[in-house]
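J.: Any chance you can model this:
(chains A, B, C and D)
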Protein chains: 2
Amino acid sequence: MSCSSEYVPQLRALGYRMTPQRMAILHVLRHEGTHLSPAEVYKKALLELPGLTEPTVYRTLEFLADLGLARPAYATNGRLTYEIAGNDHHHLVCKHCGDEIEVEHTLLESLYRLLETTSGYRSIGSHVTFFGICPKCQKN
Amino acid sequence: MSCSSEYVPQLRALGYRMTPQRMAILHVLRHEGTHLSPAEVYKKALLELPGLTEPTVYRTLEFLADLGLARPAYATNGRLTYEIAGNDHHHLVCKHCGDEIEVEHTLLESLYRLLETTSGYRSIGSHVTFFGICPKCQKN
DNA sequence: GTAGTTATTGTAAAAACTTGCAATAAGGAA
DNA sequence: TTCCTTATTGCAAGTTTTTACAATAACTAC
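T.: I've put the predicted structure just below:
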């Protein structure tokens, strides 16, 4: 239960509070690792914290994403999913079968630099999902 | 009204049909140019074609996107929007004020090549939205 | 500890989006 | 033209996501 308390100082420093709801949701994200839909997070977190509601899950996931603790990503069906922020990577999803692989962030870094210098924008770097056809589907 | 009939052959060739609904929606997309939410498309297309329904708008937008005639893009609020497919470009959206600029596709091409060779995936290239902080917001 | 401030939650309802299925109508063939 | 096939639509209901606001509880200061 207290395994996510390491986030407390980070929240406090920004004027936010740690709550059982945030603990439970962070715990689910950390435990699962992969992309989770809000509904999946809700279902799993509800087991740890009966009484938790869906609006709280949606708000908390967005909150965690704003803080950079969770990373949002769009699934093949266009729906938003989340995963715990860890090693910085992106995704490449197969348009046919939905299989996905991770894309190292370093591959994108020079592109971001280029965009920054040509556009004047700063802090470019949010999570990006690419779509393509995976090797398996290329044979079918 | 017939200004979108140029799409007819392309639909036919794939076994699809041109309908007044698709005409109206294509017309709205072409006339507006910028990103439109499904609700906005519905409101505008309804004026051209009374009786049009929302499910049809959602289905048609997805259909046009699948065919490459419309390009989906995620707005700052995470909601899906569409624009008519024309010159191939991407978007860079300011996380603060929502302002956006276009990013030439050519900037991404070498990245796509790299992804293809390292991942084995093919046909990488769907539309990507980047987020950053625009020059104006950097001063505030 | 107790009290005060206010971030956060739950509730209830609305808005946005999706789905199944029967009815319609687009396009091909006679 | 008329008939036939089936892609596409509208309807109705469902699911997902968001919002407003009053109640709660996390943290601070005393």
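J.: SS state for the closest residue to residue A:89 other than its chain neighbours?
T.: What sits nearest to residue A:89 in space, not counting adjacent residues and going by CB to CB, 6 or more residues apart in numbering or on different chains, is residue A:102, at 4.4 Å. (C-beta placed from N, C-alpha, C; glycine too.) State at residue A:102, reduced to three classes by DSSP: H, G, I helix; E, B strand; the rest coil: strand.
J.: Next, the contact list for residue A:102, please.
T.: A:89, A:90, A:91, A:92 (CB atoms under 8 Å, 6 or more residues apart in numbering or on different chains).
J.: Could you dump those into TSV and include pLDDT, secondary structure and distance to DNA strand C?
T.: Formatted as TSV, these follow (pLDDT from 0 to 100; DSSP: H, G, I helix; E, B strand; the rest coil; distance: CB to the nearest atom of the strand, whole Å):
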residue	pLDDT	secondary structure	distance to DNA strand C
A:89	71	strand	26
A:90	74	strand	23
A:91	73	strand	19
A:92	76	strand	22
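J.: Among the residues you listed, which one is most surrounded by other residues?
T.: With neighbours defined as other CB atoms under 10 Å in any protein chain shown, the most crowded of the contacts of residue A:102 is residue A:92; it has 22 neighbours.
J.: Now the spatially closest residue to that residue that is not a sequence neighbour: which helix or strand?
T.: Distance criterion CB to CB, 6+ apart; nearest residue to residue A:92, sequence neighbours excluded, is residue A:130 at 4.6 Å. Using DSSP states H and E, residue A:130 maps to strand A:129-132.
J.: Show the average pLDDT along that strand.
T.: Strand A:129-132 carries an average pLDDT of 70.
J.: Pipe the contacts of residue A:102 into JSON lines and attach distance to DNA strand D per row.
T.: Formatted as JSON lines, the contacts of residue A:102 follow (distance: CB to the nearest atom of the strand, whole Å):
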{"residue": "A:89", "distance to DNA strand D": "23"}
{"residue": "A:90", "distance to DNA strand D": "21"}
{"residue": "A:91", "distance to DNA strand D": "17"}
{"residue": "A:92", "distance to DNA strand D": "22"}
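J.: Just send those back as a markdown table, with distance to residue A:12 too.
T.: Formatted as a markdown table, the contacts of residue A:102 follow (distance: CB to CB, whole Å):
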| residue | distance to residue A:12 |
| --- | --- |
| A:89 | 28 |
| A:90 | 31 |
| A:91 | 32 |
| A:92 | 37 |
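J.: Name the nearest of the residues you listed relative to residue B:82.
T.: residue A:91 (22.2 Å; CB to CB).
J.: my read: that closest one touches residue A:105, true?
T.: No. Residue A:91 lies out of contact with residue A:105 (CB atoms under 8 Å); the separation is 11.3 Å.
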